[in-house]
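*Asks:* For reference, the sequence and a predicted model appear below.
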Amino acid sequence: PVQGESVKLTIDSDLQLAAENAIRYGISLAYQNHKWQADGGSIVALDPRTGAIRAMASYPTYNPAVYSGHVTMKKLAAQGLTGTTAKAKNYPALDRATSGVYPAGSTFKPVTALAALETHILPSPSTSLECTGDFSVPNQYGGPPQVFKNVDRFVFESMTLPTALAVSCDTWFYRLG
């Protein structure tokens, strides 16, 4: 036998717990503000020096102990792990941190803002632009316009860069870009 490679875990248990609590807190806060679509999420915290994963959390989740001992369909169903119960429990087996498919828009908003400020397309952070439910870009080939949607489809408000970042207004950044 030949010894295999070593595996070194980089998860910080305190940070992991904080990430799991932060997701639940954020969803609870969203519900309090009548944002009913906020029913899942993920957090990944990386060490910027090494790229090591310090925390990785996904919500909703399930108790993995359901697979220990005698596994029954009833126990799996209670955790949302069957075809008939997964949707109702918002797919707890989906690891949103590694398998969720999301547009990279929100992570790119600061880059768009910085580029616009440095090129003076956005004269200052206090310049106002509209945050709307959607934003249409004409098709350069004469077809129908490309319509980009905001998470909040009913918003129509003028806001500055700090506010647009704080509320993560997609259409404000589409307009800026």
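*Replies:* Arrived safely. Residues are numbered from 1 along each chain as shown.
*Asks:* residue nearest the centroid of the protein?
*Replies:* residue 41 (5.6 Å; Cα atoms, centre = their mean).
*Asks:* What residues sit buried inside the longest helix that the chain contains?
*Replies:* As assigned by DSSP state H, the longest helix anywhere in the chain is helix 13-32. By 16 or more other Cβ atoms under 10 Å, the buried positions in helix 13-32 come out as 16, 19, 20, 22, 23, 27. Using the backbone N, CA and C atoms, a C-beta is placed for each residue, glycine as well.
*Asks:* Look up how far residue 98 lies from the last one.
*Replies:* Computed as Cβ to Cβ, to the nearest Å, the residue 27 to residue 98 distance reads 19 Å.
*Asks:* And the fourth one, by the same measure?
*Replies:* According to Cβ to Cβ, residue 22 stands 18 Å off from residue 98.
*Asks:* can you check residue 78 too?
*Replies:* Distance from residue 78 to residue 98, counting by Cβ to Cβ: 24 Å.
*Asks:* And those two? Which one has more around it.
*Replies:* residue 78 (15 against 10; other Cβ atoms under 10 Å).
*Asks:* Next up, phi/psi of the more buried one, please.
*Replies:* Main-chain dihedrals, residue 78, degrees, to the nearest 10: phi -60, psi -30.
*Asks:* quick one: contacts for it?
*Replies:* By Cβ atoms under 8 Å, 6 or more residues apart in numbering, the contact set of residue 78 is 66, 85.
*Asks:* repeat for residue 31
*Replies:* By Cβ under 8 Å, 6+ apart, the neighbours of residue 31 are residue 38.
*Asks:* okay, it: pLDDT?
*Replies:* Looking at residue 31, its pLDDT reads 90.
*Asks:* Make 57 the first number, not 1, from now on.
*Replies:* With 57 as the first residue, the last one maps to residue 87.
*Asks:* Okay, it and residue 81: tell me how far apart.
*Replies:* 11 Å.
*Asks:* any idea which element the nearest residue to residue 180 once chain neighbours are set aside lies in?
*Replies:* Leaving aside its chain neighbours, residue 180 sits nearest to residue 173 (7.7 Å; criterion: Cβ to Cβ, 6 or more residues apart in numbering). Per DSSP states H and E, residue 173 falls inside helix 161-174.
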